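Take this sequence and fold it.
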Amino acid sequence: MANQHTRKAIQDEFLIQLSHKPLNKITVSSIVQNCRINRNTFYYYYQDIYDLLRDILNSELKKTIAYSSSSASWEEWFLYALQVILQNPEAISNLYHSSQQNLLHAYVFESTGIIMRQYIASVGQDLKPQPADAELLTLFYQCALTELVEQWLKTGMTDDAESIIRHIGLLMNGTIREALIRSESLRG
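Have a look, this model is predicted:
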């Protein structure tokens, strides 16, 4: 059975290195040296550096899925999904400026879709909106929030993400439910 401690040590070392240098400068050799493991151990867990990166983002996505089934607001769920970014700003900046930024984009887009789909379902659980309308609302918020994160990353993550998300929540409060009510009334 695989040692989860070793796997976590590899992931942690990767994030430390990504905080200090570009993705294309991180090597398997530097990771295994700092983890005090051999190359075969690294390759037991991962095919390469990019596989390691995908695994970290997939692990975060699984955490988001588990968290999103709680009774939190969409803002809380979204901030939870952003924790990997908020806790590792230098690493995320290096990732964002790498050839693999598409993996970061995919993580944010997929997380947001899961969060908004579940939130919209819970807000409209007593309604009967048209399924296509609920999916369209999900896609709208998914795209808007993903682009918001993209812009935040482009501008160097200088603004307070939590304040922005909470403020958007205040501005948009009730709009999803109202849209679902309108959708229900359009069922004819």
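
right, and Asp159 touches Gln151 too?
No: if you go by C-beta atoms under 8 Å, Asp159 and Gln151 don't touch, sitting 9.5 Å apart. Every residue, glycine included, has its C-beta placed from N, CA and C.

ok, the nearest residue to Asn88 once chain neighbours are set aside - contacts?
Take Asn88 and drop its neighbours on the chain: the residue closest to it by C-beta to C-beta, 6 or more residues apart in numbering is Leu15, 5.6 Å away. Contacts of Leu15 were listed using C-beta atoms under 8 Å, 6 or more residues apart in numbering, and they are Ile56, Asn88, Ala91.

Hmm, the last one is touching Leu23, no?
No: under the criterion of C-beta under 8 Å, Ala91 is not in contact with Leu23, lying 9.1 Å apart.

May I have the phi/psi pair for the closest residue to Gln101 other than its chain neighbours?
Leaving aside its chain neighbours, Gln101 sits nearest to Leu95 (6.5 Å; criterion: C-beta to C-beta, 6+ apart). When quoted as degrees, to the nearest 10, the phi and psi of Leu95 stand at phi -70, psi -40.

Next, give phi and psi for Gln100.
Backbone torsions for Gln100, taken as degrees, to the nearest 10, come to phi -110, psi 20.

try Leu127
For Leu127, the backbone dihedrals (degrees, to the nearest 10) come out as phi -110, psi 170.

I'd say it and Ile181 touch.
Yes: look at Leu127 against Ile181 with C-beta under 8 Å: they come within range, at 6.4 Å.

so where do the helices sit in the chain?
Using DSSP state H, the helices of the chain run over 4-20, 28-35, 39-45, 49-68, 74-81, 83-87, 89-96, 101-123, 131-154, 161-172, 175-186.

Deepest-packed of those, please.
Comparing the helices of the chain on average neighbours per residue, with mean count of other C-beta atoms under 10 Å, the densest one is helix 74-81 at a mean of 21.

Alright, calling it a day.
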